[in-house]
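A.B. asks: Take a look and give me a structure for this.
(one chain, ligands or ions: 1)
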Amino acid sequence: MNHQQYELTIGWLYPKLMSTYGDRGNVICIEHRSQWRGYSVRVLPLDQSSTADDIRSVDVIVGGGAQDRQQEIVMRDLQGAKAEAMREKIENGTPGVFTCGSPQLLGHYYEPGFGQRIEGLGILDMVSVHPGENVRRCIGNLVIKVSATRLARDLEEMTGSKPYLIGFENHGGRTKLGKVEALGRVVYGLGNNGEDGTEGAFYQNAIATYSHGPLLPKNPFVADWLIQTALRLKYQRPITLSPLDDTLAMQAREAMFKRLKVNSPTVAAAQV
Ligand code: GLN
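C.D. replies: Sure, this is the predicted structure:
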């Protein structure tokens, strides 16, 4: 099959309610990096007007952050057949990137600063609790070293160096992981809870993170991993993406490593 014929549908979770922190950039990044390679892309909002079959039809899922109130509205909608479809997709290996409020909803529950506990989908073995409005939010730049075994291996294979992700976190909730693997170890910033050094979670092919940024433009190789994983699953054949010119993104990463005084993994790899 000519790669021009590849088609990718991006499912975007509740764009009106869950795009408070610029996570739309993740959708744009996947969309453009696919189009630059000649694939045809459709962005499908998954919201109150969508059906379970809409959820089943997507190849990659993007979920952004949200305020507590919006998360409650989303969880009231994501019930029954729609919840089942989400569960099926993630269990069956559909890749996705879920930021901040979205992973809180994929966990067992999220307890907001005020009001009632919001029950989650329980797909990720983790819980999130907001300690109250008087406790400082976790806000600032974030650098993590990917520790999720399979993802770290894939990314290292793609880039030739140990994968470090740069982002920006802004959350009140603190997340504690159960049996699910962390996405990475915090190198700079606070991550899941500011205590145990973990950041995010990785389950099947779902990447959960507190990193806004948005994440993918700052770490374009993760966008490519999502695209590659989605196409391999859809077309059931080995697919390797053609390289793109990421010079500017890589320069921006180096500038951030320098500013945060984090040893650059790329420079270190080049010196070996
Ligand atoms: N409302 C959640 C929290 O404060 C999520 C915030 C977000 O998505 N940035 O933890």
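
A.B. asks: Contacts for the strand or helix carrying Ser102, please.
C.D. replies: Secondary structure assigned from DSSP states H and E places Ser102 in helix 101-106. Contacts to helix 101-106, defined as C-beta atoms under 8 Å, 6 or more residues apart in numbering, come from residues 13, 18, 20, 63-67, 70-71, 74-75, 78, 90, 98, 110, 118, 120-121, 123-124, 126, 128, 173, 175, 200-201, 206, 208-210. Just so you know, the C-beta spots here come from the backbone N, C-alpha and C atoms, and that holds for glycine as well.

A.B. asks: Which members of these occur in strands, if any?
C.D. replies: Assigned to strands by DSSP state E, the following of these qualify: 13, 63, 98, 110, 118, 126, 128, 175, 201, 206, 208-209.

A.B. asks: got the buried residues for stretch 252-270?
C.D. replies: Neighbour-count burial for stretch 252-270 flags 253, 256-257, 262, 264-266 (criterion: 16 or more other C-beta atoms under 10 Å).

A.B. asks: Rebuild those as JSON lines, extending it with secondary structure and pLDDT.
C.D. replies: Converted to JSON lines, those look like this (DSSP: H, G, I helix; E, B strand; the rest coil; pLDDT from 0 to 100):
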{"residue": "Arg253", "secondary structure": "helix", "pLDDT": "96"}
{"residue": "Met256", "secondary structure": "helix", "pLDDT": "95"}
{"residue": "Phe257", "secondary structure": "helix", "pLDDT": "95"}
{"residue": "Val262", "secondary structure": "coil", "pLDDT": "92"}
{"residue": "Ser264", "secondary structure": "coil", "pLDDT": "75"}
{"residue": "Pro265", "secondary structure": "helix", "pLDDT": "75"}
{"residue": "Thr266", "secondary structure": "helix", "pLDDT": "66"}
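
A.B. asks: Local confidence estimate at the spatially most central residue of the chain?
C.D. replies: Nearest to the centroid of the C-alpha atoms of the chain, with distances taken as C-alpha atoms, centre = their mean, sits Val97, at 2.5 Å. What the model reports for Val97 is a pLDDT of 98.

A.B. asks: Kindly indicate which of the buried residues of stretch 252-270 lies nearest Leu151.
C.D. replies: Nearest to Leu151 among the buried residues of stretch 252-270 is Pro265, at 15.1 Å by C-beta to C-beta.

A.B. asks: check contacts around that closest one.
C.D. replies: 145, 161-164, 257.

A.B. asks: What about the ligand: which of these touch it?
C.D. replies: Contacts with the ligand within the contacts of Pro265, as defined by C-beta under 6 Å from any ligand atom: none are present.
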